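> predicted coordinates and the sequence they were generated for:
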Amino acid sequence: MMTGLPTQVPRMYPAGRLGEPEGIAAAIVFLAGKHASWVTARC
């Protein structure tokens with residue numbers, strides 16, 4: 001986890017933690033790939 005942040009900040013997020021660079025990069029790779037072709041922003 002990132003250092004220097006108050007302990008209450010991660011609790012403000014639904015996952016209960018902040019994203020790490022590796023996790024964010026993995027999401028970008030997935031969304032840019034062919035397996036995400038059915039992922040849309042529509043609800």
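Yes, it's here.
> show me what the strand or helix carrying Val29 is in contact with.
Under the criterion of DSSP states H and E, Val29 resides in helix 21-32. Here helix 21-32 makes contact (Cβ atoms under 8 Å, 6 or more residues apart in numbering) with 36, 39. Placement of C-beta: from N, CA and C, glycine included.
> how far out from the middle of the chain is that helix?
8 Å (Cα atoms, centre = their mean, to the nearest Å).
> same check, this time on stretch 9-24
With Cα atoms, centre = their mean, you get 7 Å for stretch 9-24.
> please save the CA atoms from that stretch in PDB.
Output of stretch 9-24 as PDB, limited to C-alpha atoms (Å, rounded to 0.1, in the frame of the first residue of the first chain):
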ATOM      1  CA  VAL A   9      -8.600   7.500   3.500                       C
ATOM      2  CA  PRO A  10      -8.700   3.900   2.200                       C
ATOM      3  CA  ARG A  11     -12.000   3.300   4.000                       C
ATOM      4  CA  MET A  12     -13.600   6.000   1.900                       C
ATOM      5  CA  TYR A  13     -13.300   3.700  -1.200                       C
ATOM      6  CA  PRO A  14     -15.700   0.700  -1.900                       C
ATOM      7  CA  ALA A  15     -12.700  -1.800  -2.100                       C
ATOM      8  CA  GLY A  16     -11.400  -0.500   1.200                       C
ATOM      9  CA  ARG A  17      -8.000   0.300  -0.300                       C
ATOM     10  CA  LEU A  18      -6.400   2.400  -2.900                       C
ATOM     11  CA  GLY A  19      -5.300   1.000  -6.200                       C
ATOM     12  CA  GLU A  20      -1.700  -0.100  -6.700                       C
ATOM     13  CA  PRO A  21       0.100   0.700 -10.000                       C
ATOM     14  CA  GLU A  22       0.200  -3.000 -10.900                       C
ATOM     15  CA  GLY A  23      -3.500  -3.400 -10.500                       C
ATOM     16  CA  ILE A  24      -4.300  -0.300 -12.500                       C
END
